[in-house]
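In: Turn this into a structure:
(chains A and B)
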Amino acid sequence: MTPALKPWQAALASTLAGLALWQAVVMATGLPRFILPAPGLVAQTIWDNRALLAEHALVTLSEVLIGLALGAMLGGLSAIGLAASPLARVLVRPMLVFSQAIPVFALAPILTLWLGFGLGSKIAMALIIIYFPVTSSFFDALMRTPRDWLGLAQVMGASPARIMWHIRVPAALPGFASGLRLAAVYAPIGAIIGEWVGASRGLGYLMLLANGRAKTDLMFAALITLAVLTLLLHAAVNAGCKRLLDRPDR
Amino acid sequence: MGHGSESVTLTSAPALHLSGTARIGSDTIFSGLDLVLRGGEWTCLLGASGVGKSTVLRLFAGLGQHITLDGCCRASDGALAGRVALMAQDDLLLPWLSVHDNVLTGARLRGERPDHTRADVVLARVGLSGHADKHPADLSGGQRQRVALARTLMEDRPIVLLDEPFSALDALTRAQMQELTAEALQGRTVLLVTHDPGEAARLGQTILIMTPTGAHPVAAPPGAIPRAIDAPEVLQAQAALLTQLRTST
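Out: Prediction:
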């Protein structure tokens, strides 16, 4: 049924199909442009506002990247700490699980109150939203080190710290990588929520601004910019992880 | 093959003694065991699955944290810790390290300076000089087990525990590995846990059959190890061992 399409051909085809559907809905329903702008108009808006979009995208991107870096670092260290210490597991794990019961969205106003309207509160949001997936997927992988490797290392006279560094961590890197791939998609969500609650810059702020002025086409333009940004980030993280894991496993 | 660079002083290989009753939780694994491994020799431990052979090995290896031993487990001249090397059925190579670095795993794990020159010598000893930069995934099963042997030799311990290290290999590779290992580990106190009567007949200077009532010595065929696989005494001993294994279970 499907001829062998290259990934980019498939992506292009599905994008075109999506745009066609969008255009068809606009034409069939005759919705006014402030409710649903046509794809052509949004494209025009993106082009006309490219400097504005780039400026705000840069702000959101830096929030996301800093949040991602900090979240990966903190999540990685937490996972290693939890894997190394049974006491930490007993004390900290219930806290982590409980923290997941708090909707991150509900934290945004508090973070804005504490950290202000600048970058800080958005970075914190991105960090909080990715911390758990990174920690938990790395931790699970760290706890799955083959037992016979651990036995051999023990016979060789290795200390727990060296076993962690030379065997458990390298063996668990694929788990860390899958956490990072999730994080690349989640981090922009955190940053945008942060911007909605209170900001003077960023794509989330721009969307609210456009919404308030009934500039629906600009809202769509910001949304599409954000989606493209997220896709690029995911692709970059994916490529980075592939390099990190460029080793003959099995 | 000579054993020049890897020979050890015979006096440094102690006899081993394990006796008593072992439990894991409330299950008794063996009881009334009295096992002596002669220093500097190969002892083969045969027996049905579940009779406690692995438990014996784990106790000697110092991996018996979950085992309660009511008895003693020691070397004739003192403690066991730090004097044991282990080689198992699974080669346990780290897939992300090269062959050379896998041979140096022990030094790396102890935080010692890796002796690269000696690693090269040991790799040559097992016939893998040209493969040092490859990764385990690029090797055959037999080659991987050779790397595991090189890693064991690199540890240079007087006591070596072998947990069915040849059982996953094809017949030809297994015979070659048996010969290589027997030559390379000469002079050390070796415990070989195996299912294979033929292997015990080739490699055992002492052969023990483990049953729920203890470890029973069986006469080993004459001659230095590794014995020829097709020698009449070896084949006879293999047949006799098989019969005894059948009646003991």
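
In: now for the strand or helix carrying A:Ala210, which elements pack on it?
Out: Per DSSP states H and E: A:Ala210 is located in helix A:203-212. Using 3 or more C-beta pairs under 8 Å, 6 or more residues apart in numbering or on different chains; DSSP states H and E, the elements in contact with helix A:203-212 are helix A:50-84, helix A:169-197, helix A:216-244. From N, CA and C alone the C-beta is placed, and that goes for glycine too.

In: Alongside chain B, which residues does chain A contribute?
Out: Remark: the part of chain A in contact with chain B comprises A:146, A:148-149, A:151-159, A:162-163, A:166-167, A:170-171, A:247-250, using C-beta under 8 Å from any C-beta of the partner chain.

In: Just the ones in strands from the residues you listed, please.
Out: In strands, judged by DSSP state E, none of the residues of chain A next to chain B are found.

In: Can you select the buried ones from the residues you listed in ChimeraX?
Out: In ChimeraX syntax, the buried subset of the residues of chain A next to chain B is picked out as below (16 or more other C-beta atoms under 10 Å in any protein chain shown):
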select /A:149,151,152,153,154,155,156,157,158,162,163,166,167,171
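
In: Going by neighbour count, which residues of the strand of greatest length in chain B are buried?
Out: Identified as the longest strand of chain B according to DSSP E is strand B:27-37. Counting neighbours by 16+ other C-beta under 10 Å, one finds that the buried residues in strand B:27-37 are B:29-30, B:33, B:35-37.

In: and what of stretch B:173-190?
Out: Of all the residues in stretch B:173-190, those buried under the rule 16+ other C-beta under 10 Å are B:173-175, B:177-182, B:184-190.

In: so where is the chain shaky, pLDDT-wise?
Out: Using chain A. The model of chain A has pLDDT under 70 over residues A:1-3, A:247-250.

In: wrong one, chain B
Out: Residues of chain B that meet the cut-off, pLDDT under 70, sit at B:1-11, B:249.

In: what are the ranges of the strands in it?
Out: Counting by DSSP E, chain B has these strands, from start to end: B:16-24, B:27-37, B:42-47, B:68-75, B:84-88, B:159-163, B:189-193, B:206-211, B:214-218.

In: Redo those as CSV? Include distance to B:Pro136.
Out: Supplementary listing: these in CSV, determined by distance: least, C-beta to C-beta, whole Å:
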stretch, distance to B:Pro136
strand B:16-24, 31
strand B:27-37, 31
strand B:42-47, 27
strand B:68-75, 32
strand B:84-88, 15
strand B:159-163, 19
strand B:189-193, 23
strand B:206-211, 32
strand B:214-218, 35
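
In: Ok, which of the ones you listed comes nearest chain A?
Out: In terms of C-beta to the nearest C-beta, the element of those nearest to chain A is strand B:84-88, at 4.6 Å.

In: Parallel or antiparallel, which strands does the closest one pair with?
Out: Looking at strand B:84-88 with DSSP bridges, its paired strands and their directions are strand B:159-163 (parallel).

In: Need the contact partners of the strand it pairs with.
Out: Contacting residues not belonging to strand B:159-163 are listed as B:13-14, B:16, B:54, B:57, B:60-61, B:75, B:80, B:83-89, B:152, B:181, B:185, B:188-193 [C-beta atoms under 8 Å, 6 or more residues apart in numbering or on different chains].

In: go with 6 Å
Out: Applying C-beta atoms under 6 Å, 6 or more residues apart in numbering or on different chains, the set of residues contacting strand B:159-163 from outside is B:57, B:60-61, B:83-88, B:185, B:188-193.

In: quick check: angle from it to strand B:42-47?
Out: The directions of strand B:159-163 and strand B:42-47 differ by 30 degrees, with axes from the mean of the first three to the mean of the last three C-alpha atoms, to 10 degrees as the criterion.

In: could you dump strand B:159-163 to CSV, C-alpha only?
Out: Output for strand B:159-163, consisting of C-alpha atoms alone and laid out as CSV, is shown next (Å, rounded to 0.1, in the frame of the first residue of the first chain):
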residue,chain,number,x,y,z
ILE,B,159,42.7,-19.4,43.6
VAL,B,160,40.5,-19.6,40.4
LEU,B,161,36.9,-20.5,40.5
LEU,B,162,35.4,-21.7,37.2
ASP,B,163,31.6,-21.9,37.0
